[in-house]
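Q: Turn this into a model:
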Amino acid sequence: MNDRFQDLHPALSPQAALVESQRCLYCYDAPCAAACPTHIDVPKFIKRISTGDLRGSSTAILDANILGLSCSRVCPVEVLCEGACVMHRYNKQPIEIGLLQRHAMEWFYDRQPSFAPAQENGKHVACIGAGPASLSCAAELRRHGFKVTVFDRNPLAGGLNTYGVAQYKLRPGDSLKEVELVRQMGVTFRLGEEVNDNTQGDFDAFFLGIGLGATNRLNVPGEELPHVIDALRFIALYKTGYPQIARRVVVIGAGNTAIDAAIAAKKLGAEQVHVVYRRGEADMSAFPFEYEHAKREGVEFHWQTIVTRIGTESVHCGNLKIPCDMVIPAIGQSPFRDFGPINRETGQTRYPKYFAGGDFINGGREVVDAVADGKRAAQGIIKWLSQ
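A: Below you'll find the predicted structure:
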């Protein structure tokens, strides 16, 4: 299966990385760094690549973003750092910041990295959920001496990086490398387990990085049929070794997750993949470059098309009937619980002991946004527990 999920953008060779790094202008005001939600010092890490200091480069990245490897692969750099690159002003190609970051981070992970655990300060924080926001929060807390335990009901940590990001963007093994790095910082993981009333008294504060809830319902006849599988579950199944694909697939929705599922279905061998969306092409929430990728893979799009019924061998959309053997809804997820207003600077909820971040509060954004949320919340927890 891995042969079908080749990297969308091949890694840079050492020589290519050196040449590309030397194109950078190392801007003093660094609009690329300002465009990064975690504010990686982009000129700094690129400059260190240009001088052959890959250890210093990777350190500069990790100081700002402990999930620098996964973000180098999954960030929509076209609309973030590279989109802000000053090279655009000169009608030149932007610096390939994502690939340069990946080059530094893969160098780092190829050398069996580790971080020495910080001395504990007597405070203990629980992170609920083991996705990017919690990993970022846990790492920042450990850097300041807090004992941290991460709980997750899944058997593997990493959250959507492990289970929900398309394989052609991020392999589960790369996600788990980052989990192991956080573990080596002294973070304890309790997987396959949820916090309950008996354990809540053991912690001085909690970080909620539990993501979103169940996929929204279509509310049409037939959505309970066995060949209907929501997009996140579909992606999780094939990423963790259980590829299941049909000959004819219909994906419902036109967000980035829908596009990921459609492309994955094609790469897994589906002969026909249709995306149906109730609005027009201009209204889809998927990034344009993702949409173009899907079209290159042979995905067919149907705009202004509303699903009215799902049958055993077709999807009905008014007068249109699309033959299919698998239906993948990707129409968003519902929130878990309303914690009321949350301080966006600190992540603190109306319950002072509880902080939150990631998809749980932002409604489902990018991995890098979750990392930024987790780090901010950790700093909020540190300040609150130090009062």
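Q: got the residue ranges for the strands in this structure?
A: Along the chain, counting by DSSP state E, strands occupy 124-128, 147-152, 188-191, 205-208, 248-252, 272-276, 300-302, 309-310, 314-317, 320-323, 326-329, 354-356.
Q: ok, Ala265 - contacts?
A: 245, 249, 251, 273, 326, 328 (Cβ atoms under 8 Å, 6 or more residues apart in numbering). Heads up, the C-betas are built off the backbone N, CA and C, glycines and all.
Q: Could you give the bridge partners of the fourth one?
A: Meaning Val273. Beta-bridge pairing of Val273 under DSSP bridges involves Val249.
Q: That one and Gly158, how far apart?
A: Separation of Val273 from Gly158 (Cβ to Cβ, to the nearest Å): 27 Å.
Q: The first one now?
A: The spacing between Ile245 and Gly158, counted by Cβ to Cβ, is 23 Å.
Q: Which residue of the two possesses the greater neighbour count?
A: The residue with more neighbours, out of Ile245 and Gly158, is Gly158; 27 against 19, by other Cβ atoms under 10 Å.
Q: Skip the chain neighbours and tell me the closest residue to that one.
A: Excluding the flanking residues, the one nearest Gly158 by Cβ to Cβ, 6 or more residues apart in numbering is Ser175, at 4.0 Å.
Q: Leu176 now?
A: Nearest residue to Leu176, sequence neighbours excluded (Cβ to Cβ, 6+ apart): Gly158, at 6.1 Å.
Q: And for His88?
A: Residue nearest to His88 in three dimensions, not counting chain neighbours: Pro94, with 6.1 Å by Cβ to Cβ, 6+ apart.
Q: I'd like the distance between Ala139 and Ala104.
A: To Ala104, Ala139 is 18 Å away according to Cβ to Cβ.
Q: same question, Ile263
A: If you measure Ile263 against Ala104 using Cβ to Cβ, the figure is 27 Å.
Q: Repeat that for Leu218.
A: 43 Å.
Q: out of those two, which sits in the more crowded spot?
A: In this view Leu218 and Ala104 are compared by other Cβ under 10 Å, and Ala104 has more residues nearby, 27 against 19.
Q: How about the contacts made by the nearest residue to that one once chain neighbours are set aside?
A: Nearest residue to Ala104, sequence neighbours excluded (Cβ to Cβ, 6+ apart): Ser57, at 4.1 Å. For Ser57, the contacting residues are 45-46, 48-49, 104, 107, by Cβ under 8 Å, 6+ apart.
Q: so which of these is the most crowded?
A: For those, neighbours were counted by other Cβ under 10 Å; the highest total belongs to Phe45, with 29 neighbours.
Q: List the residues that contact that residue.
A: 57-58, 60-61, 100-101, 104.
Q: if we go to 10 Å?
A: Going by Cβ atoms under 10 Å, 6 or more residues apart in numbering, Phe45 touches 21, 24, 33, 53-54, 56-64, 68, 97, 100-101, 104-105.
Q: Break this protein down into its structural domains.
A: Domain ranges of the chain: 7-109, 124-213+335-385, 231-329, per automatic domain parsing.
Q: closest to Leu225 out of these?
A: Among the domains of the chain, the nearest to Leu225 by Cβ to Cβ is domain 231-329 (6.1 Å).
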